[in-house]
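Chemist: The sequence and its predicted three-dimensional model are supplied below.
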Amino acid sequence: DSYDVAVVGATGAVGETIIEILEQRDFPVRNLYALASSRSAGKVIKFKGKSVTVSNLADFDFSQVQIGLFSAGGSLSKEYAPKAAAAGCVVIDNTSEFRRDEDIPLIVPEVNIEALGDYKKRNIIANPNCSTIQMLVALKPIYDAVGIKRINVSTYQAVSGTGKEAIEELASQTARLLNGQEPECEVYPKQIAFNALPHIDTFQENGYTREEMKMVWETQKIFADADIQVNPTCVRIPVFFGHSEALHIETAEKITAEQARELLSKAPGVTVMDERADGGYPTAVSEAAGKDPVYVGRIREDISHPNGLNLWVVADNVRKGAALNSVQIAESLIEQGYLD
Ligand code: A2P
């Protein structure tokens, strides 16, 4: 069997990667529809050696497709995802628009695939935030083995999470600064090149940013555990691809670093790289960028807490954090027979 698939936001950082991954994984695509704004309509992209012309989202008839992969931004998902769903297309949405809706499942296939069937309520599945996905893929085996009461997390996030304009801003600021020119700041409120900005998404009333609160809300929903405590600080750094995270967790029962390493080495979607030697840890540029796994290193017991464990978690935010996770959700829909 094969399926007609629409990629919404096909010319963006995530959409381009979705199309690449559909090809790499040999996803059973019958017809691919690449959708973007009227600005891009008529552009030609390549898929499996064939040319596909980009169409305007506003003119598209979603009754032609069984699967829609959306990553063109929250306001567009808000408008078009319910229309597509009503036309019989199952929507896998990469934006934050529906993630907190109780009747829409929020899925990381390695973590909570059991919730997938709930998509039938609205024909929409939400793809979590990139920082949440990689954190939970790494924490799932520990959560299942000994329970997790609290997570302290600091992130070091790549600019590709903001989109193509941000990738260009980091490149051009870097080039200008190295040439002795003033950098121009358009996407971020302060210079991103050679800097670290403790600000991702909008500020909330409680002093956290929305990106930080996404990590709280989404962790509780995906683990189906309203009691798990999450205390995040999200930081944008001048890296193009790959988010890094320092996790400090408090487990319900004690787990040693060795036991954690053993569990993680068998966990789906995880690659352990933890040699306790120079270079024996994963990084965004050297390991994660362009790859599928969530890499885990620096696994060690917290010297300040009897039930504490520290981990360093790195993944490609555009792949596992967005495009790959969405395609895996689509593969699960097929495997479980929902699209028959
Ligand atoms: P376009 O290239 O035509 O603007 P990124 O996250 O990398 O910035 O990408 C955003 C994606 O969302 C792009 O594919 C972009 O298409 C698409 N997009 C933005 N605005 C619209 C719109 N009004 N209608 C359809 N797609 C849009």
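Modeler: Perfect, I can see it now.

Chemist: Residues of the protein that sit close to the ligand?
Modeler: Applying Cβ under 6 Å from any ligand atom, we find that the chain lies next to the ligand at 9-13, 15, 36-37, 39-40, 57, 72-73, 76, 163-165. Where you see a C-beta, it was placed from the backbone N, CA and C, and this is true even at glycine.

Chemist: For the single nearest residue of the chain relative to the ligand, what are phi and psi?
Modeler: Closest contact between the chain and the ligand, by Cβ to the nearest ligand atom, is at residue 12 (2.2 Å). In terms of degrees, to the nearest 10, the main-chain angles of residue 12 are phi -90, psi 180.

Chemist: if I pick it, what's in contact with it?
Modeler: Shown in contact with residue 12 (Cβ atoms under 8 Å, 6 or more residues apart in numbering): 36, 71-72, 163-164.

Chemist: Could you pull up the residues touching the closest residue to residue 73 other than its chain neighbours?
Modeler: Sequence neighbours aside, residue 95 is the residue nearest to residue 73 in space, at 6.1 Å (criterion: Cβ to Cβ, 6 or more residues apart in numbering). By Cβ under 8 Å, 6+ apart, the residues touching residue 95 are 70-74, 76-77.

Chemist: Which one (most neighbours) among those residues?
Modeler: Greatest neighbour count in the contacts of residue 95, by other Cβ atoms under 10 Å, goes to residue 70: 31 neighbours.

Chemist: related to what we said a few turns ago, so which of the residues of the chain next to the ligand are in strands?
Modeler: Counting by DSSP state E, the part of the residues of the chain next to the ligand found in strands is residue 36.

Chemist: Just the buried ones out of the residues of the chain next to the ligand, please.
Modeler: In these, burial by neighbour count holds for 9-13, 15, 36, 40, 57, 72-73, 76, 163-164, counting by 16 or more other Cβ atoms under 10 Å.

Chemist: I'd like the residues you listed as JSON lines, with distance to residue 120 and pLDDT appended.
Modeler: Below are those laid out as JSON lines (distance: Cβ to Cβ, whole Å; pLDDT from 0 to 100):
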{"residue": "9", "distance to residue 120": "25", "pLDDT": "98"}
{"residue": "10", "distance to residue 120": "27", "pLDDT": "98"}
{"residue": "11", "distance to residue 120": "31", "pLDDT": "98"}
{"residue": "12", "distance to residue 120": "28", "pLDDT": "97"}
{"residue": "13", "distance to residue 120": "30", "pLDDT": "96"}
{"residue": "15", "distance to residue 120": "26", "pLDDT": "98"}
{"residue": "36", "distance to residue 120": "29", "pLDDT": "98"}
{"residue": "40", "distance to residue 120": "33", "pLDDT": "98"}
{"residue": "57", "distance to residue 120": "25", "pLDDT": "98"}
{"residue": "72", "distance to residue 120": "24", "pLDDT": "98"}
{"residue": "73", "distance to residue 120": "26", "pLDDT": "97"}
{"residue": "76", "distance to residue 120": "23", "pLDDT": "98"}
{"residue": "163", "distance to residue 120": "31", "pLDDT": "97"}
{"residue": "164", "distance to residue 120": "34", "pLDDT": "97"}
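
Chemist: of those residues, closest to residue 285?
Modeler: residue 13 (17.0 Å; Cβ to Cβ).

Chemist: That closest one and residue 163 touch, don't they?
Modeler: Yes: between residue 13 and residue 163 there is a contact under Cβ atoms under 8 Å: 5.4 Å.

Chemist: ok, back up a step: sort out which one of the contacts of residue 12 lies nearest residue 107 for me.
Modeler: residue 71 (15.3 Å).

Chemist: Okay, that closest one and residue 332: tell me how far apart.
Modeler: The spacing between residue 71 and residue 332, counted by Cβ to Cβ, to the nearest Å, is 18 Å.
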